[in-house]
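In: What follows is a predicted structure for the sequence shown.
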Amino acid sequence: MTKHRNYFAVLAILLVSSFLFAQGAKESSSTNNTITVYAYDAFCGDWGPGPAIVTEFEAKTGIKVNLVSAGDAIEMLIKVQSEKNNPIADVVVGISDDMAAKAYAADLFEAYQSPSLASIPAFLQFDPSHKLLPFDYGNFAFVVDTEKLPSEMFPTSLQALTDPKYKNKVLLIDPRTSSVGLGLLLWTIEVYGEQEYLSWWKAMKQNALTITEGWSSAYGLFTEGEAPLVLSYTTSPVYHVTYEDTTRYQTLLFSEGHSTTIESVGLLSSSKNKEHAKAFIDFLLTDAQLEIATANSMYPVNSTTELPPAFDWAPKPQKNLSLDAATIEKNLDRWLTEWTQVMSK
Amino acid sequence: MKQQDGGQYKGFYKAMPAPGAAVLLLLFLVPLFFTLSTAFLSEEGFTLSRVQQTFTSAYTIRILLFTLYQAALSTLASVVVALPGAYLLANYSFRGKRFIRALTTVPFVIPSILVVLGFVIFFGNNGFLNQFLMKTFSLEKPPIQILYSFKAIILAHTFFNFPIIMNLVSSYWEHMDMHCEMAAWTLGARKGKTFRTITLPRLLPSIISASTLVFLFCYNSFAIILVLGGGPQFTTMEVEIYRLARTSMDSGAAASLSLFSILVTSFLLIWYNKSQKMLARSEAYTTSTKRLDKRPATVAGKVLALLYSLATSLFILGPIASIVVRSFMASTTRSGAESFSFRWYRQLFAIERGTGHMGSALQALTNSLAIATIVALITVPIALTMATAIRKKGFASSSLELFGMLPMTVSSVIIGLGYYIISNRIRGGVSIGYTLVVLAHMVIAIPFVLRTILPEYRKMPLSYAQSSLTLGAGPLRTFFLIEVPLLKGAMITGGMFAFALSMGEINATLTLANSAIVTLPVVMYRLIGSYNFQGACALGSVLILVCSIVFIVSELAKGESNGR
Amino acid sequence: MADRGLSCAMKASYQDFRLDAAFSVQEGELACIIGPSGCGKSTTLQLIAGLITPEEGSIILNGNDIMQTPVHERQIAMVFQDYALFPHMNVAQNIAYPMKLRKVPKEKRLEEVNRLLSLVSMTEYQKRKPQELSGGERQRVALARALASQPQLLLLDEPLSALDAKLRKHLRSEIRRIHEETGITTLYVTHDQEEALAIADTIIVMQGGKVEQVGSGEEIYHSPNSLFVATFMGEGNTLPYNIIPRSVISQMGGNGFLFKPLEGKHTIFFRPEHVIIQDDETLPLPEFFTHLEFRDAQVVGCEFQGDHFRISLLWEGHQIIAHAEERPRTAKVRLGIRIEKIREFLNGQLVIKN
């Protein structure tokens, strides 16, 4: 008897819970004058570029923007895909180029030949079909602590970094757990090709003081003076110049060129409000460029953007390297496994 | 002897744990079920091959073995470091004892990234310790190079965990009467022999139970292993799960591996629960505390006690103090030299306009305090009601106990995936976001609060409740008039843990709250993410301060309720 | 002082308690320390065992001063009030423990465990854990374990206090039997005077941290040194001395003038079994020697004790307890006590008449 009562209780709880979860699926769809934009968390917060851009955009066009913070890039894609039959969003902001293959596969986006594309350099337009339009980009780079390493010791290339004189002087990041770490893995593949990249890592192993789980730890160790070289972004010194008024930390440009990560925006083919959505994309690629660049610590894609002087300390590489998204998608797991094998010996 | 089964009050005791079970079910088990079920799903439908592959793969087994190995070694080291401290805390009364107990909980509440940073700032090649030694002895090279090796993993895990063992074992020890030891002496055993043959075996249940807890922490360790270990040669299950879930985006494989991991940890948990019951049964309930000696009797004892205290406080205080010192640093000149400054605190308390994320720090502090207070106030009664049911014997209560402890074993990555499912399904305003965060913190806190309340509850003789029932109080009145007052101390400790856990929680908060909610650790992460490490240290120091105050206050409150 | 056996004199003080005790026990004797709770009897045991250290004094066991000897080398075994059986060892392991410490070979140990278990009639219980034993069984195991260390002195700290009355009686005779078989000098602490009288060769009565009297059971019972010992060891009646002149009767008639109260609290004491009851007012007391006679004592209670009646009486406002073989037939009775059964105490101390 009491046993049955327990089963009923469990059943009731399950029912209530499924009800709650189902609730999420029904959400009022947008009215005609409103567009819904999905963006990754960091874009939407008070500190991100999102709120300022939306205010500006609404004031300029009268179109209301419902900015939804939707996790990271993968989570956004899963979310959009799961809502395919009952679409909510019009625009998705923040899919990076190495993630593009997933986006293409899901067939969610519609091509949009924005007029602003004219002012965007060709190397940034990674999607020839223009389903995904770049809005900012960054380069991975090594940053040096000029107080801990004399300038004649500064490495000038990835190859030079493997020199034994940098033993225990470099902070690397694990590609398995960090996007920045993954950036370096791809960078080495871009430079050395699939055949050679592992020998760079083998040589590098001695020089790495440690390989951290994320960028934060590596950079924290770096600013604590544990090692004079750290894997980061070309734009990293901008913070120190702006807020700490110091040029102690400087970006090193390497002769092989630098791996590029490009963030893009896409128009969902399921959108019922495409004109307004396109207006938002155009705004993102023009008027919003400065705000995006400074808030995200990235470079603007629009070459006409005027950057603040602190960005002088974020030199742009001569050569931008990137890998085809499909290649990454196909090989990533194998590369990571190979990398783990080499590095854990 | 048969345990009383509640008689006609069966219904009452069965209904008690319902709210706690509901919260766990909704916020933990259901999402976990969704996440883990992907292990059996492929494009063709149900499949066992993936799970089979994971469970038999040599690679998985190797990682598992390493994970177990490092966890075992870390646990052993923690026990060895903790025992002398437990001895001192349990057998002597001295000034600052409460302060020491409060201090030892600090590593527990700071987010692991700050622990890692504190460790590096203190023990690092360029750390305070090495700088001091190099200056004092005018050395060229840093004399202490322990980081970035397997040793560093063990060291950091010990730092993180030995206080837990010390606290748990010493409080058990404190309540253990000395007659068995005296009997052994009179039978001819020396002090050392008595300790080995009598005291240690008597303490064993509490050591096992505390060690299991620590083992689980080390098993699920992540940042410490990668950063301080120095690289991928030290790969644990948690790292591998993270890689599969986040980088390779193979949720099926991630789920399958977590399933494997959860199975292993569940065995540990069952063993842990067993040891807990052993603990409750092996020694009789003593309400009195033994009279404590003022200080060690012999000179050698005094010297050893002093040395140990110095070494451990250096060990704990070093990294913590490093964080605090760092928070008072700000660079103001072009040259980049850093000097003492209240800048981050001025910004934190909105005396000065905050740069970047510091603007939201004060809001985050009040949010965190509010959330943690609510979590503590709700979790304690919920865990208490669960404990009333778990205390009884039988399969149902054992399962409930396992269920209540389960959130402790599951990796944060997997819980994160589960929360993602929830946050995706339930959309709503900020208030719903806050509710979810509070509930998620409760799920995390319940195992710890249960763990503090259950042993005390088990030690309480059933005759207390029985005599109250015969005196005419119903089960509800008995519960409130007899059992609750007796458990007050454990409830306060549990509430403190819940508060501290909630104050320091980051993973679930980030996943559930998105950008809508700011808490202290969230802002801390964002500060770190935007290069402001000192600002993060300032927030970390505030976190340490708040938790220490709460702990000391709770110790004082407990002292009063115990009449000590 | 005896060279064999125990002889001790110890001083120790605590926050609100001072112990200053000296006594000796002959070799092979079973001595009981008795006294109300808080009199320092357990402390005395712990001092002798070496569990606590006295400020000054000497403890001489079989000719050796063991004051400076550490506990584990004193060869004094102790049975604790809560038995202190090691919870993580079974019965056999508990008993083997002291032999293991002395590196007794395994064969010998097993043999000895068996012998000791049969001595305490517990042969079946080798593999049991202490938690699975009843109070009486634990007590026997604790005793066997203490004996296993072959002590020169055995200390028992209220070993029967947690047991029920019937078991207590049985076990105390067991302890006496085992003592006789082993011949180990034994010091036994109890607060139960009946137990002490039944078991002890010598009784040491303690109060307020001091030894009140040492002697055989009969001495202590019949010739108490102080009013405290008199009232503590069994029941008794205490009346003011000044009632004697009025109630004394001798063959020569009333000669109350011989009895003069002394300055101070001068009292008389006699035991209930020495009270003679005459319930027929018309008959004289069946007593020819000098005695006290209380007329018109009122019977206020009468309890049947099996072999006798315990009668509560009230005489001139004084309560008197008497034992009688028969229940009094009237409410008013006449009481008589032989003068030589009466003890005199001045301010609690025995008044010695020459």
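Out: Everything's here; your move.

In: Hmm, B:Pro163 and B:Phe108 touching each other?
Out: Yes. Contact criterion Cβ atoms under 8 Å: B:Phe108 and B:Pro163 qualify, at 7.1 Å. Where C-beta positions appear, they are placed from N, C-alpha and C, glycine not excepted.

In: Tell me which of those two has more neighbours.
Out: Using other Cβ atoms under 10 Å in any protein chain shown as the criterion, B:Phe108 and B:Pro163 rank with B:Pro163 on top: 26 against 20.

In: quick one, strands of the stretch 201-350 of chain C?
Out: Remark: strands assigned in the stretch 201-350 of chain C by DSSP state E, counting those that start in this stretch are C:202-207, C:210-215, C:237-240, C:248-249, C:266-270, C:275-278, C:291-304, C:309-315, C:318-324, C:332-338, C:343-346, C:349-350.

In: What mean pLDDT does the third one get?
Out: Model confidence over strand C:237-240 averages 94 on the pLDDT scale.

In: Tabulate the CA atom coordinates of that strand in PDB.
Out: C-alpha atoms of strand C:237-240 as PDB (Å, rounded to 0.1, in the frame of the first residue of the first chain):
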ATOM      1  CA  ASN C 237      19.700   5.700  64.300                       C
ATOM      2  CA  THR C 238      21.300   8.900  65.500                       C
ATOM      3  CA  LEU C 239      19.800  10.700  68.500                       C
ATOM      4  CA  PRO C 240      21.100  13.500  70.700                       C
END
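
In: list the helices and strands it packs on?
Out: Judged by 3 or more Cβ pairs under 8 Å, 6 or more residues apart in numbering or on different chains; DSSP states H and E, the packing partners of strand C:237-240 are strand C:266-270, strand C:318-324.

In: could you redo the last one with a cut-off of 10 Å?
Out: The elements that strand C:237-240 packs onto, with contact taken as 3 or more Cβ pairs under 10 Å, 6 or more residues apart in numbering or on different chains; DSSP states H and E, are helix C:227-232, strand C:266-270, strand C:309-315, strand C:318-324, strand C:332-338.

In: So which bits of the last one are buried?
Out: The neighbour-count criterion (16 or more other Cβ atoms under 10 Å in any protein chain shown) identifies C:333-338 as the buried residues of strand C:332-338.

In: just the third one next, same as before
Out: Neighbour-count burial for strand C:309-315, with 16+ other Cβ under 10 Å as criterion, is recorded at C:309, C:311, C:313, C:315.

In: Identify the neighbouring strands of that strand in the sheet and state each direction.
Out: Note on strand C:309-315: by DSSP bridges, its sheet partners are strand C:291-304 (antiparallel), strand C:318-324 (antiparallel).

In: The shortest one too?
Out: If you go by DSSP bridges, strand C:266-270 pairs up with strand C:237-240 (antiparallel), strand C:343-346 (antiparallel).

In: which residues in chain A form helices?
Out: Using DSSP state H, the helices of chain A run over A:2-23, A:41-44, A:50-61, A:73-82, A:100-106, A:158-161, A:179-204, A:215-223, A:237-244, A:274-285, A:289-296, A:325-343.

In: right, I mislabeled it, should have said the stretch 101-250 of chain C
Out: C:106-119, C:135-148, C:165-182, C:193-199, C:217-222, C:227-232, C:244-247 (DSSP state H, counting those that start in this stretch).

In: export those to TSV and tack on mean pLDDT, mean neighbour count and distance to chain B?
Out: Converted to TSV, the helices of the stretch 101-250 of chain C look like this (pLDDT from 0 to 100; neighbours: other Cβ atoms under 10 Å in any protein chain shown; distance: least, Cβ to the nearest Cβ, whole Å):
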stretch	mean pLDDT	mean neighbour count	distance to chain B
helix C:106-119	93	16	13
helix C:135-148	92	24	7
helix C:165-182	90	16	16
helix C:193-199	91	20	21
helix C:217-222	92	17	28
helix C:227-232	93	21	27
helix C:244-247	84	17	50
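
In: Among these, which comes closest to B:Lys488?
Out: When these are compared by Cβ to Cβ, helix C:135-148 sits nearest B:Lys488, at 31.8 Å.

In: Which strands or helices does the closest one pack on?
Out: Helix C:135-148 packs on helix B:179-186, strand C:76-79, helix C:91-101, helix C:106-119, strand C:153-157, helix C:165-182, going by 3+ Cβ pairs under 10 Å, 6+ apart.

In: any idea of the mean pLDDT for stretch A:171-189?
Out: Stretch A:171-189 comes out at a mean pLDDT of 91.

In: Tell me the gap between it and the middle of its chain.
Out: Relative to its parent chain, stretch A:171-189 has a centroid offset of 13 Å by Cα atoms, centre = their mean, to the nearest Å.

In: residues in contact with residue 276?
Out: Assuming you mean chain A. Taking Cβ atoms under 10 Å, 6 or more residues apart in numbering or on different chains as the criterion, A:His276 is in contact with A:30, A:32-35, A:61-65, A:90-91.

In: Chain C, not that one
Out: C:285-287, C:291, C:293, C:322, C:324, C:334-338.

In: Chain B: which of those residues is nearest?
Out: Of all the contacts of C:Ile276, C:Ala322 has the smallest distance to chain B: 40.2 Å, by Cβ to the nearest Cβ.

In: now A:Thr55: how far from chain B?
Out: Plainly put, A:Thr55 is 16 Å away from chain B if you go by Cβ to the nearest Cβ, to the nearest Å.

In: Can you tell me the closest non-neighbouring residue to the spatially most central residue of chain C?
Out: Centroid-nearest residue in chain C: C:Ala196, 3.4 Å away (criterion: Cα atoms, centre = their mean). In this structure, C:Ala196 finds its nearest non-sequential neighbour in C:Cys32, 4.1 Å apart by Cβ to Cβ, 6 or more residues apart in numbering or on different chains.
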